[in-house]
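*Asks:* dropping a prediction and its sequence here:
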Amino acid sequence: MAKQLGFYIESAMCSGCNACVVACKDKNGLDDGRSFRRVHEVHGGGFAPSGQGYINNVFAYTMSISCNHCDDPICVKNCPTTAMAKRAEDGVVFVDRTKCIGCGYCAWSCPYGAPQLDKAAGQMSKCDFCIDLQAKGDDPVCVATCPLNAIKYGDITELRAKYGTLADAKGLPPSSMTKPNLVIKPHTGA
Ligand code: SF4
């Protein structure tokens, strides 16, 4: 593979504004039931007894997640028609609509909830990394829209060299399941 695209998510910068979600829905013409990018709200902790009083370790944060164009994409493995495919040139996982029968196996398989049924078309749909915009030299719309620069993208080797290799955080499935091309800078509560 020439390169592998991935996302870098700086959770501590994410304000939960959902601008990325709305921009993605607008760009892809998504109906009410579909969001290729979603902002997860994670919270936990509490007031724990300590000595004569209590310690407050409450935390809450938001994290924007989409398809992670995984190295071990179980959606591709479980697609019965080979409609779900991974591009050789950049590792983008996409739906080939000439082959998709809308069976939903990819949606059932993906631990990130990335593939979603386009009810009108009777076919599956998902984040395609805005390959049409990238072909024109533009950034994916989620990256371009985030007002706090919480989402970046690029060759995953370069992202990992710059930001580290963490792809696990509270609220996400273990990265060992599909080997996502994702780097997370977690919030301190993650
Ligand atoms: Fe497939 Fe889900 Fe990984 Fe995307 S996040 S490549 S849909 S397994």
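*Replies:* Everything's here; your move.
*Asks:* what's the helix or strand for residue 103?
*Replies:* When elements are assigned from DSSP states H and E, residue 103 belongs to no helix and no strand.
*Asks:* check contacts around it.
*Replies:* The neighbourhood of residue 103, defined by C-beta atoms under 8 Å, 6 or more residues apart in numbering, consists of 80-81. For the C-beta atoms, the positions are set from N, CA and C on the backbone; glycine is no exception.
*Asks:* check residue 56 too.
*Replies:* Applying C-beta under 8 Å, 6+ apart, the residues near residue 56 are 45, 47.
*Asks:* now for the spatially closest residue to residue 129 that is not a sequence neighbour: which residues touch it?
*Replies:* Ranked by C-beta to C-beta, 6 or more residues apart in numbering and with sequence neighbours excluded, the top spatial neighbour of residue 129 is residue 92, at 4.7 Å. With contacts defined as C-beta under 8 Å, 6+ apart, residue 92 is in contact with 5, 69, 86, 128-129, 131.
*Asks:* which one of those is nearest the ligand?
*Replies:* Checking the contacts of residue 92 against the ligand with C-beta to the nearest ligand atom, the nearest one is residue 69 at 5.3 Å.
*Asks:* ok, that closest one touching residue 84?
*Replies:* No: using C-beta atoms under 8 Å, residue 69 makes no contact with residue 84, being 11.5 Å away.
*Asks:* residues shared between the contacts of the two?
*Replies:* Common contacts of residue 69 and residue 84, defined by C-beta under 8 Å, 6+ apart, comprise residue 93.
*Asks:* tell me how many other residues crowd the nearest residue to residue 144 once chain neighbours are set aside.
*Replies:* Excluding its sequence neighbours, the residue lying closest to residue 144 (C-beta to C-beta, 6+ apart) is residue 138, at 7.0 Å. The burial metric for residue 138, expressed as a neighbour count using other C-beta atoms under 10 Å, is 12.
*Asks:* can you tell me the helix or strand for residue 138?
*Replies:* Of the helices and strands defined by DSSP H and E, none includes residue 138.
*Asks:* kind regards, and thank you for your time.
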